[in-house]
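A.B. asks: could you look at this predicted model? Sequence included:
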Amino acid sequence: MVAVRIGLVLAMALLVAMFSGPCRSELERLEHPIAADGSLSFLVVGDWGRRGSYNQSAVALQMGLMGEKLNVDFIISTGDNFYDDGLTSLQDPAFNESFSRIYTADSLQKQWYSVLGNHDYRGDVLAQLSPVLRKIDRRWLCLRSFVLNTEIVDFFFVDTTPFVDKYFTDPEDHAYDWRGVLPRKAYISNLLKDVDMALKESRAKWKIVVGHHTMQSAGHHGNTNEIVAQLLPILEENGVDLYINGHEHCLQQISTSHSPIQFLTSGGGSKAWRGDISWTKPELKFYYDGQGFMSMEMTEARVDIAFYDIFGNVLHTWGASKPSFSVTGENSRTVY
């Protein structure tokens, strides 16, 4: 009965996401149960969809092994799900070749919660958001923005691509599918109001925001100024604990004195930047310029994260506890 109820909620949310425009009054809300012992575990991967190339298959293999070890509840994708230009249609073979045929481990046959990246917006966005894809692979769930409620943590998935000015103003940039986004100003305004309201209404012990673009980054792209200016103040005002993103093809953790939020990047699902690092400030707690992924284990009292490479090596760990959210331990092997 629980599975049926979750399936109905997901199907309704997908239909709303597909046909809703920028005048939505609130974010779609989904629920996911926690484990019987009160814990939650999941994997995070981003920037992956390359038909297995650039070590995507190697990352998927290690995700499967770690997913089995942790008995993960679900997987989060931080966007840029299909390279180079999203999906062309509902019949695009890239969906099977980059997703279904790659993440085949039993432990990865769980729900995937995904956001769109800028590369996804270069294709047929409505195809990637369509509930029809769930008939092809029941794991798939991609919405523009939504809230995922659990008993111990609320996740707020935010569509960050429409915030970035250059995608709209640079004549040499790629063509983007802005259906459902235009008029842009109204879309962003409504989204910011929705996120602010959803965060204020949340009573979860932990609040995690997931977006594609970086807020703090030492990598190739650097900080995304538009969401730093418009979205970050809302997150800080509402007590968000973690911001998780992709976009940078690396793994990193940044902790800055200017914000109480931990900034985590998991964008190593396939192609990496190979040595492209822009700064090594003290705020940069960990940076790995290679393929890999992240795991998170949570209880009401604690969160523990770990980053892995394509051989399953643990590159960096970090943990924090509530209510003080003080760092209780760190062990890293930083690679530049």
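C.D. replies: Yep, that arrived. Residues are numbered from 1 along each chain as shown.

A.B. asks: residue contacts, N81?
C.D. replies: If you count contacts by Cβ atoms under 8 Å, 6 or more residues apart in numbering, N81 has them with W48, G49, S98, F99, S114, L116, G117, H119, D120, Q128, C142. From N, CA and C alone the C-beta is placed, and that goes for glycine too.

A.B. asks: and for D106?
C.D. replies: When contacts are taken as Cβ under 8 Å, 6+ apart, D106 is in contact with G64, E68.

A.B. asks: now it: how far from K281?
C.D. replies: Note on D106: its distance to K281, by Cβ to Cβ, to the nearest Å, is 41 Å.

A.B. asks: cool, G219 as well?
C.D. replies: If you measure G219 against K281 using Cβ to Cβ, the figure is 13 Å.

A.B. asks: which one's more surrounded, these two?
C.D. replies: When neighbours are counted by other Cβ atoms under 10 Å, G219 and K281 differ, and G219 comes out ahead with 23 against 10.

A.B. asks: does that one sit in a helix, a strand or a coil?
C.D. replies: coil (DSSP: H, G, I helix; E, B strand; the rest coil).

A.B. asks: offset the numbering so it begins at 3, please.
C.D. replies: With 3 as the first residue, the last one maps to G221.

A.B. asks: pretty sure it contacts T267?
C.D. replies: Yes - taking contacts as Cβ atoms under 8 Å, G221 lies within contact range of T267: 7.3 Å.

A.B. asks: need the overlap of contacts for the two.
C.D. replies: Shared contacts of G221 and T267, defined by Cβ under 8 Å, 6+ apart, are found at E250, C252, Q254.

A.B. asks: quick one, which of those are buried?
C.D. replies: Those of these that meet the buried threshold are E250, C252, Q254, by 16 or more other Cβ atoms under 10 Å.

A.B. asks: partners of the last one in the sheet?
C.D. replies: Same thing as Q254. When bridges are taken as DSSP bridges, the partners of Q254 come out as T267, Y289.

A.B. asks: residues contacting it?
C.D. replies: Contact analysis of Q254 by Cβ under 8 Å, 6+ apart lists S219, A220, G221, F265, L266, T267, L286, F288, Y289, Y290.

A.B. asks: can you list the shared contacts of G221 and T267 in JSON lines and add distance to N57 and pLDDT?
C.D. replies: Listed next are those as JSON lines, based on distance: Cβ to Cβ, whole Å; pLDDT from 0 to 100:
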{"residue": "E250", "distance to N57": "16", "pLDDT": "96"}
{"residue": "C252", "distance to N57": "13", "pLDDT": "96"}
{"residue": "Q254", "distance to N57": "18", "pLDDT": "97"}
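
A.B. asks: in TSV, list those along with distance to V46.
C.D. replies: Written out in TSV, the entries for these read as follows (distance: Cβ to Cβ, whole Å):
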residue	distance to V46
E250	13
C252	13
Q254	13
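
A.B. asks: and which of the residues you listed is nearest N227?
C.D. replies: E250 (14.9 Å; Cβ to Cβ).

A.B. asks: and the closest one, what element?
C.D. replies: E250 belongs to no helix or strand when elements are defined using DSSP states H and E.

A.B. asks: quick check: it touching S268?
C.D. replies: No - judged on Cβ under 8 Å, E250 makes no contact with S268 at a distance of 9.3 Å.

A.B. asks: in whichever helix or strand G321 is part of, what's buried?
C.D. replies: Secondary structure from DSSP H and E places G321 in strand 316-323. Counting neighbours by 16+ other Cβ under 10 Å, one finds that the buried residues in strand 316-323 are L317, H318, T319, W320, A322.
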